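Student: Compute the structure for the input listed below.
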Amino acid sequence: MSLLSRAVLRAVPGAFILNSGIGKIGMDEETAKSLQSMAKNGIPALGDMTPKQFARFLTFGEIAVGSALLLPFVPTRVAGAALAGFSGSMLAMYLKTPGLTEADGVRPTQDGTPIAKDSWMAAIAAALLIDGSRSK
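Tutor: Prediction:
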């Protein structure tokens, strides 16, 4: 994979995720509760946190993943693994939250489409992991 294509694969989701994390700084408790109620469908342990703890975890987690993708000195494999963890958790939430998928459990409903798009981030993560394993 060329340096330019690797940079694009890292920059686009990195900027998006970093911006999302920055936008969550100072999130109110009601918003945190709402996000946490969906997130715990995919990762039940998130339900053990207080809404304040969850808000901090989500905010700083997104900032960390976005930064790892954007910082060129972070190895491609590490950035890809961070994105894989992030997108995998989003897809788990999507697949396990009632009302987000059609009866087949895979195709998105209208409500599920905004989250199903995170499958693209999983594909980018796979490309980065494959490329990172080839790069020395």
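Student: Now Pro108. Its backbone dihedrals?
Tutor: The phi and psi torsions at Pro108 (degrees, to the nearest 10) take the values phi -80, psi 150.
Student: Touching the helix or strand in which Arg77 is found from outside, list them.
Tutor: Secondary structure from DSSP states H and E places Arg77 in helix 76-96. Under the criterion CB atoms under 8 Å, 6 or more residues apart in numbering, residues 6, 10, 13-14, 17, 38-39, 41-43, 61-62, 64-65, 68-69, 100-101, 105-106, 108, 112, 115-116, 118-119, 121-122, 124-129, 131-133, 135 lie in contact with helix 76-96. (C-beta placed from N, C-alpha, C; glycine too.)
Student: of these, buried ones?
Tutor: Members of those that pass the buried threshold by neighbour count (16 or more other CB atoms under 10 Å) are listed as 6, 10, 13-14, 17, 38-39, 41-42, 61-62, 65, 68-69, 100-101, 108, 112, 115-116, 118, 121-122, 124-125, 127-129, 131-132.
Student: what does the average pLDDT come to for stretch 45-56?
Tutor: Within the predicted structure, the mean pLDDT of stretch 45-56 is 97.
Student: quick one: buried residues of it?
Tutor: For stretch 45-56, a neighbour-count test (16+ other CB under 10 Å) marks Leu46, Met49, Pro51, Phe54, Ala55, Arg56 as buried.
Student: Let's have those residues in CSV, adding secondary structure and distance to Met93.
Tutor: CSV is the format used below for those (DSSP: H, G, I helix; E, B strand; the rest coil; distance: CB to CB, whole Å):
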residue, secondary structure, distance to Met93
Leu46, helix, 9
Met49, coil, 15
Pro51, helix, 16
Phe54, helix, 13
Ala55, helix, 16
Arg56, helix, 18
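Student: of all those residues, which two lie farthest apart?
Tutor: With CB to CB as the measure, no two of those lie farther apart than Leu46 and Arg56, at 12.2 Å.
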